[in-house]
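Peer 1: Please find the sequence and the predicted model below.
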Amino acid sequence: MTDQRVSFYFSAHEDDWQLFMNPSAFRDVRDGVKTVFVHVTAGDAGLGTTNGGRKHPYYLAREQGAESAIVFMADAEEHARDDKRTVSAAINGHPMRRVSYRNTIAYFLRLPDGSTDGGGYADTGYQSLKLLAEAKIQTIAAIDQSTTYRSWNELVATVRALIDRERGQITSLDMHIPELDPAINPNDHPDHVMTAKLALEAAHNLKARRIHHPGYMCGARPENLGGYDRDMKCAVYAVTLAAIQALDHSTNWQHYDQSFIARDYFRVENSTV
């Protein structure tokens, strides 16, 4: 790693950072910054660990999509592949999947997808980040039953422990998160909103730049990417979709191409700590 900085990318689902936080992520990985991707939900669309009639569970296909995109970025300036290490990290007493590759780390917490209304799905017990944060449910369990969080505060403490583990002694931090301001980012997915809330509470009192990225509403804004930046974003998402398809799940390139490919909006909030 060539940069004494850590960049964290907090995503509710396994394609959020590709859609809404790129090409920032590509630049960080390419430039040797230690880059940590935290995928909070399983993005399972209510399927849990079942395969929905396909050969593999949907959540595993989505994880493979994210991992493949990360490896693609990390290898963009290299000729020889490195070894990828997959381990089950224990963070604040909670096991979770952690994958390291070159200067990147990816975490997968595998919490249930909360659906577009924030109420969760029947097959995963109507669990969601929103309901946990509002204390309408008392616990939330990873869809693979690897761990259970007994309160919103316990989940926040776990994410703070994750941040502290990965930043170590490095004090220069960037926190890429979904945009919380409804005036800037109206009607976003509840999982996006709750992921931002989770990251901000976990990073409370940390000296870090907060980079806020709007979600679905970007599709209504003018295109503002071209040339190399557009190519970087396009390539990363194409790799993501190809990896999902390799595990027998369908994707929608046309929707992405029309809505998000040439757009990158964000605002930066410098630390006041």
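Peer 2: Cool, got the structure.
Peer 1: residue boundaries of the strands in the stretch 151-273 of the chain?
Peer 2: Here the stretch 151-273 of the chain has its strands, by DSSP state E, counting those that start in this stretch, at 173-178, 208-213, 267-269.
Peer 1: which one is the residue nearest the centre of the chain nearest to, not counting chain neighbours?
Peer 2: Taking C-alpha atoms, centre = their mean, the centroid of the chain lies closest to Ser11, which sits 2.3 Å from it. Distance criterion C-beta to C-beta, 6 or more residues apart in numbering; nearest residue to Ser11, sequence neighbours excluded, is Trp17 at 4.7 Å. Backbone N, C-alpha and C define where each C-beta goes, glycine included.
Peer 1: about what we covered before: make CSV from the strands of the stretch 151-273 of the chain and add distance to Ile143 to it.
Peer 2: Listed next are these as CSV, based on distance: least, C-beta to C-beta, whole Å:
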stretch, distance to Ile143
strand 173-178, 21
strand 208-213, 25
strand 267-269, 33
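Peer 1: mind listing what the residue nearest to Ser11 touches?
Peer 2: Neighbour list for Trp17: Tyr9, Ser11, Ala25, Phe37, Ala66, His176 [criterion: C-beta atoms under 8 Å, 6 or more residues apart in numbering].
Peer 1: at 10 Å instead, please
Peer 2: Neighbouring residues of Trp17 by C-beta atoms under 10 Å, 6 or more residues apart in numbering: 9-11, 24-25, 35, 37-39, 66, 69-70, 176, 178, 213, 236, 240.
Peer 1: Then Asp117?
Peer 2: Neighbours of Asp117 in contact, by C-beta under 10 Å, 6+ apart: Ser128, Lys130, His189, Pro190.
Peer 1: Could you look up the SS state of the second one?
Peer 2: For Lys130, the secondary structure call by DSSP: H, G, I helix; E, B strand; the rest coil comes out as helix.
Peer 1: now the residue nearest to it when sequence neighbours are not counted: how far from Gly53?
Peer 2: Leaving aside its sequence neighbours, Lys130 sits nearest to Gly118 (C-beta to C-beta, 6+ apart; 3.7 Å). Look at Gly118 and Gly53: by C-beta to C-beta, to the nearest Å, they are 26 Å apart.
Peer 1: Which one's more surrounded, those two?
Peer 2: Comparing Gly118 with Gly53 by other C-beta atoms under 10 Å, the one with more neighbours is Gly118, at 18 against 7.
Peer 1: okay but the more buried one is in contact with Pro112, surely?
Peer 2: No - using C-beta atoms under 10 Å, Gly118 makes no contact with Pro112, being 11.4 Å away.
Peer 1: Show me where the stretch 51-200 of the chain has its helices.
Peer 2: 58-74, 129-133, 152-167, 190-202 (DSSP state H, counting those that start in this stretch).
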